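Visitor: here you go, sequence then predicted model.
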Amino acid sequence: MTLNHSNFELLSNETAITLAKKLGLVKTDATLKCREIGDGNLNYVFHITDTATKKGIIIKQAVPYAKVLGESWPLTLKRAAIEANALIHFKSYCPEFVPQVYYSDEQLAITIMEDLSHLKIARTGLIDGDKFPLLSKHIGEYVAKTAFYTSDLHLEPSAKKEVARNFTNPELCKITEVFVFTDPFFEELPGDYEVELTDAAKSIWNDQEVILEVAKLKQSFETEQEALLHGDLHTGSIFASDTETKIIDPEFAFYGPVGFDLGQYTANLLFQAVTRNPAGKEEIFTHLQEFWDTFEETYTSLWNTQNKSPFRQVNGYLSYVLTKFRKDAYGFAGCELIRRTIGLSHVADLNVIEDKETRIAAKTTTLKIGAFLIKKREELDVPAVIEALKQHTLPTYSTL
Ligand SMILES: Nc1ncnc2c1ncn2[C@@H]1O[C@H](COP(=O)(O)OP(=O)(O)O)[C@@H](O)[C@H]1O
Ligand SMILES: CSC[C@H]1O[C@H](OP(=O)(O)O)[C@H](O)[C@@H]1O
């Protein structure tokens, strides 16, 4: 369906409050404050709070272009409906890990949802040294459940295809195809890196083995329809505390290879593993192990109890599936490490390092680890990745 942009109007703090009142989501006689708090690349986020009760709601609004790139990169407003539908879908499988959607409007491109301001964005928390003891177990459980319940193992194949049709998301997938899988791997295509990283970047561009493996990974992203993915599962898309975890921002949701969600989260933990001092690294290694253990345990348990495939008990089938997820995941993680280092969309984990020499050393490491994961993905597990990280990391650390 094509959306009619003539009905679209970007909210202001004032019109956001008016809308919330009109929808009965806040008391009409309350004293309300509204602030635009969006710090992501694509959308606006309005935070409305009742000054007496301190209770809040969030209104997220898409604009007909990518906010960070401006009107030169038109982008479908349909992403707001995809996000709202994905939140509702994922919440049905993992209620504890997904915010409540109160209202959505496809023409206005808005999603009104639960205010999670009592939590902290996981990326910010990890940079600050927060421990988030349950975070990676929760994410492992979330990925296992969403991957299993939306796959052909649980849904009737025709029902799955219908869901997949509703989550066809070509424009957002294109962003990933360009920003994650293409531009960072060719010298002549757009990129963003410090001049001191040129040699390290060239060693990626000139490594034909890396380029061939990235071509295969991109093909897998473009063609496989294993499960409904979040599609952008980095630590900036996760709210956390010591006890709670909520996954937000699934506007990139589509049917794709499960390893993509696994790999995005893995890579974003690895940014921390690279930049931290030895004690801090150990905390991240624990996160990595807990993430993968919980994912595999939860997926295995779902397989054993709820798998509708007639092949479910065939010896070696589960192990084949888990091994495929793992190989894909490390390859995708490698692409994410490289694109966040020399591509157009960076991560604070690396960019907050003030000392230039330390920052360049950290970025050189993420490029090397990225290439390593892409090339060696068939042979890896968490201990092997930790070992590689210890060998490749240059001995300079951020202040943590
Ligand atoms: N439900 C929420 N509760 C509180 N803050 C939120 C919520 N959703 C988004 N935010 C804030 O808005 C920021 C941007 O949201 P996000 O969904 O990541 O936007 P984008 O799609 O532009 O990346 C988040 O980093 C967070 O600070
Ligand atoms: C021009 S979009 C680049 C980048 O931004 C998205 O992240 P987010 O919406 O969470 O800020 C996504 O990772 C895209 O690849």
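Guide: Nice, thanks for sending it over. Note that the structure is predicted; figures quoted are calculated from it, not measured. Ligands and ions are numbered 1, 2, ... in the order given.

Visitor: who are the packing partners of the one helix or strand V274 maps to?
Guide: If you go by DSSP states H and E, V274 is part of helix 259-275. Applying 3 or more CB pairs under 8 Å, 6 or more residues apart in numbering; DSSP states H and E, one finds that helix 259-275 contacts helix 122-128, helix 135-149, helix 278-306, helix 317-342, helix 348-351, helix 356-376, helix 382-392. Where you see a C-beta, it was placed from the backbone N, CA and C, and this is true even at glycine.

Visitor: deepest-packed of those, please.
Guide: Burial of the helices and strands packed on helix 259-275 is given as mean neighbour count (mean count of other CB atoms under 10 Å); helix 135-149 ranks first at a mean of 24.

Visitor: got the residues of the stretch 1-150 of the chain near ligand 1?
Guide: By CB under 6 Å from any ligand atom, the residues of the stretch 1-150 of the chain that approach ligand 1 are 37-43, 45, 58, 60, 99, 113-117, 121.

Visitor: could you pick out the buried ones from the residues you listed?
Guide: Neighbour-count burial (16 or more other CB atoms under 10 Å) applied to those gives 40, 42-43, 45, 58, 60, 99, 113-116, 121.

Visitor: contact partners of stretch 311-327?
Guide: Contact partners of stretch 311-327, identified using CB atoms under 8 Å, 6 or more residues apart in numbering, comprise 147, 153, 258-259, 262, 292, 296, 299-300, 303-304, 377-378, 380-381.

Visitor: which one of these sits closest to ligand 1?
Guide: L262 (19.9 Å; CB to the nearest ligand atom).

Visitor: what is the burial count for K131?
Guide: The local packing of K131 (other CB atoms under 10 Å) involves 12 other residues.

Visitor: just the pLDDT for the closest residue to it other than its chain neighbours.
Guide: Among residues not flanking K131 along the chain, E283 sits closest, at 6.6 Å (CB to CB, 6 or more residues apart in numbering). At E283, the model reports a pLDDT of 97.

Visitor: list the ones among the residues of the stretch 1-150 of the chain next to ligand 1 that fall in strands.
Guide: Judged by DSSP state E, strands contain the following of those: 45, 58, 60, 113-114, 121.

Visitor: which stretches of this protein have low pLDDT?
Guide: Residues of the chain that meet the criterion pLDDT under 70 lie in 1-6, 394-400.

Visitor: care to break it down by domain?
Guide: 5-114, 120-392 (automatic domain parsing).

Visitor: distance to ligand 2 added to the ones you listed, as a markdown table?
Guide: Converted to a markdown table, the domains of the chain look like this (distance: least, CB to the nearest ligand atom, whole Å):
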| stretch | distance to ligand 2 |
| --- | --- |
| domain 5-114 | 4 |
| domain 120-392 | 4 |
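
Visitor: which residues does the residue of the chain found nearest ligand 1 contact?
Guide: Distances between the chain and ligand 1 by CB to the nearest ligand atom are smallest at G40, namely 2.0 Å. By CB under 8 Å, 6+ apart, the contact set of G40 is 67, 236, 249.

Visitor: against N307, how distant is S220?
Guide: From S220 over to N307 the distance is 23 Å, taken as CB to CB, to the nearest Å.

Visitor: phi and psi next, for the spatially most central residue of the chain.
Guide: When CA atoms, centre = their mean is applied to the chain, the residue found nearest the centroid is L233 (1.5 Å). Main-chain torsions, L233, degrees, to the nearest 10: phi -80, psi 60.

Visitor: just checking, it touches D261?
Guide: Yes. Contact criterion CB atoms under 8 Å: L233 and D261 qualify, at 4.6 Å.

Visitor: ok, N85 - how many residues close by?
Guide: Using other CB under 10 Å: N85 sits among 19 other residues.

Visitor: any idea how far the helix or strand hosting it is from the chain center?
Guide: Under the criterion of DSSP H and E, N85 resides in helix 78-93. Chain-centre distance of helix 78-93: 14 Å, with CA atoms, centre = their mean, to the nearest Å.

Visitor: so which bits of it are buried?
Guide: Quick answer for helix 78-93 (16+ other CB under 10 Å): 78-87, 89-91, 93.

Visitor: take the residues you listed and lay them out in a markdown table including distance to I127.
Guide: Shown next, in a markdown table, are the buried residues of helix 78-93 (distance: CB to CB, whole Å):
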| residue | distance to I127 |
| --- | --- |
| K78 | 33 |
| R79 | 27 |
| A80 | 29 |
| A81 | 32 |
| I82 | 29 |
| E83 | 25 |
| A84 | 29 |
| N85 | 31 |
| A86 | 27 |
| L87 | 26 |
| H89 | 30 |
| F90 | 26 |
| K91 | 28 |
| Y93 | 30 |
